[in-house]
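Asks: structure for the following, please:
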Amino acid sequence: MQATTTRPKIIVTADGAGVVSHVGSRLLADVADHTTLTGELSQALDVLRRPGTRHDPGRVLVDLAVAVADGATTISEIDVLRDQGALFGAVASDSTCWRLLDRLDDTTLTAVAAARARAREVVWEVVWDQHAERHGRAFPAAAVAGRERDVLVIDLDASIVICHSEKEQAAPTFKRTFGYHPLMAFCDNTCEFLAGMLRRGNAGANTAADHITVLDQALAQIPDPHRHGRPILIRADTAGCTKAFLTHIRQQRDRAVSCEFSVGWAITDRERTAIAAIPKKVWADAVDTDGAHRDGAGLADLTGLLPTAALQGYPSGTRVIVRRERPHPGAQLDLMEEHDGWRYTCFATDTPAGQLAFLDARHRAHARVEDRIRTAKNTGLNHFPSRTFAINAAWLTVVMLAVDLLAWTQHLLLDGHLAKAEPKTLRYRLLHVAARITRGQRRTFARIQRSWPWAEQLAAAFARLHALPVTAG
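Replies: Okay, here's the model as predicted:
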């Protein structure tokens, strides 16, 4: 049979010039420079720079974060940037990146966190003003029950990262896998990766000390005008429902930080007895996270039906709210749920007022943290590169930088579907785009193929970045 093809015939040669790829990733690098992140990291890591060295440690860390945002899963893939000097300039080798991560101890990682916080202050306090001109709002609101709320939401959650080889402090997990169990904090308003702690695979899910440490690190990332001048909601699943952690959240009010919590509450025989005592007429209608009516779902305040000892040691004003709904096919039910046909979940909050439907929808929006974790795992979190725990902890910081660069780029420079696109989609449409480098009028141009469907959006993003205000100093 004669071979046929419908593709255009091409002749491949190796004599081209001036063509580069991954042009959109240069946008991420420029975002890091424009928001002062590169400069802040350079200053924080100046102690690591040895005399006569070519590469600045802060710039190396930014380049590594850009590569991870671009899709790199190993340190050696920094070559994606290094092999294109016409676009990214001088980029360090993978061995230089290895040495830098190896030298990032607890002291320098604390300095990096402080540098991230200072750059975030620039983004939130200066750049958002420009953002308001296009979107009419200086800071993204939290979406709850189909409405925007002027509250800053921090979501905490842990996730298993499987390791396929022996790594320091990797251990069997509660899911019968092997790896790490990092605890993370994200800002629901902006999708930023505020803080993270790399932990052993067998680290306790409800370890209060770890939750307190990560929350403190996350709050330290919030600029002062927002940390002290805006209500903050801390959300977590049942792992965050410990007396020590909730007490710590309440104590933030002593520091002029208006914090409330909404955390999962485990259901035991004590709660089942209280649920059975709820009159049928007491159940209130529930709504979805988008505000639509939830057929068949009901809510009730369980606080007064629980024994007094159940809330002993928790912050005063803690309320326990129960939700019931018809189970989805395949749901695992306990004996009580199998008997009456309802599936029950509970959460605890210290918000003193508000309809049960709103409080429930607000708590259920915590599920969005799974989207944030998925984004992080698609941006380097799912692949720890070293056998050494300290280097992997430094890699987690690189992942946080990469996720923030993507979030800042999408919120500040992109519109429509691109502003909400998954990392894989963003890479295909923008970050990996090729262009031809030309020079003229004492300037360098990156000329994207005009027929590329998202060429105009990428060019517009660069133009918006150049129009953003530049901070003094």
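Asks: mind checking which helix or strand residue 117 is in?
Replies: helix 106-122 (DSSP states H and E).
Asks: quick one: distance of that helix to the chain centre.
Replies: 16 Å (Cα atoms, centre = their mean, to the nearest Å).
Asks: list the buried residues for that helix?
Replies: Across helix 106-122, burial judged by 16 or more other Cβ atoms under 10 Å covers 108-109, 111-113, 115-122. For glycine as for every other residue, the C-beta is placed from the backbone atoms N, C-alpha and C.
Asks: just those residues now: which is nearest residue 328?
Replies: Among the buried residues of helix 106-122, residue 120 lies closest to residue 328 (Cβ to Cβ), at 39.0 Å.
Asks: can you check what pLDDT the model gives that closest one?
Replies: What the model reports for residue 120 is a pLDDT of 95.
Asks: what of residue 291?
Replies: For residue 291, the predicted pLDDT is 66.
Asks: how much space separates residue 306 from residue 277?
Replies: As judged by Cβ to Cβ, to the nearest Å, residue 306 and residue 277 stand 10 Å apart.
Asks: tell me which of these two has more neighbours.
Replies: Each of residue 306 and residue 277 has its neighbours counted (other Cβ atoms under 10 Å); residue 306 has more, 15 against 9.
Asks: ok, the residue nearest to that one when sequence neighbours are not counted - how many residues close by?
Replies: Excluding its sequence neighbours, the residue lying closest to residue 306 (Cβ to Cβ, 6 or more residues apart in numbering) is residue 274, at 5.3 Å. For residue 274, the neighbour count with other Cβ under 10 Å is 21.
Asks: any idea how far residue 274 is from residue 353?
Replies: 22 Å.
Asks: check residue 438 too.
Replies: Taking Cβ to Cβ, one finds residue 438 at 62 Å from residue 353.
Asks: point out where the chain drops to low pLDDT.
Replies: 1-5, 126-139, 145-146, 289-292, 294, 329-331, 333-335, 337-339, 470-473 (pLDDT under 70).
Asks: find the centremost residue of it, please.
Replies: With distances taken as Cα atoms, centre = their mean, residue 193 lies nearest the centre of the chain, 3.5 Å away.
Asks: quick one: that residue is in a strand?
Replies: Yes. With DSSP: H, G, I helix; E, B strand; the rest coil as the criterion, residue 193 is part of a strand.
Asks: pretty sure it contacts residue 398?
Replies: No. Judged on Cβ atoms under 8 Å, residue 193 makes no contact with residue 398 at a distance of 10.8 Å.
Asks: can you list the buried residues of helix 106-122 in TSV and add distance to residue 384?
Replies: Shown next, in TSV, are the buried residues of helix 106-122 (distance: Cβ to Cβ, whole Å):
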residue	distance to residue 384
108	19
109	15
111	22
112	18
113	19
115	23
116	20
117	24
118	27
119	25
120	25
121	30
122	30
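Asks: closest one of those residues to residue 456?
Replies: Closest approach to residue 456 among the buried residues of helix 106-122 (Cβ to Cβ): residue 122, at 27.8 Å.
Asks: any idea how far residue 28 is from residue 88?
Replies: 10 Å.
Asks: actually residue 115, sorry about that
Replies: From residue 115 to residue 28 the distance is 17 Å (Cβ to Cβ).
Asks: what segments of the stretch 1-150 of the chain are helices?
Replies: Using DSSP state H, counting those that start in this stretch, the helices of the stretch 1-150 of the chain run over 23-34, 37-44, 57-70, 79-82, 85-88, 94-103, 106-122, 128-135.
Asks: which elements pack onto the lengthiest strand in the chain?
Replies: As assigned by DSSP state E, the longest strand anywhere in the chain is strand 293-301. In this structure, strand 293-301 makes packing contacts with strand 284-287, strand 319-325, helix 356-364, judged by 3 or more Cβ pairs under 8 Å, 6 or more residues apart in numbering; DSSP states H and E.
Asks: which residues are contacting the second one?
Replies: In this case it means strand 319-325. 265, 271, 275, 278, 283, 286, 294, 296-303, 306, 310-311, 342-351, 356, 359-360 (Cβ atoms under 8 Å, 6 or more residues apart in numbering).
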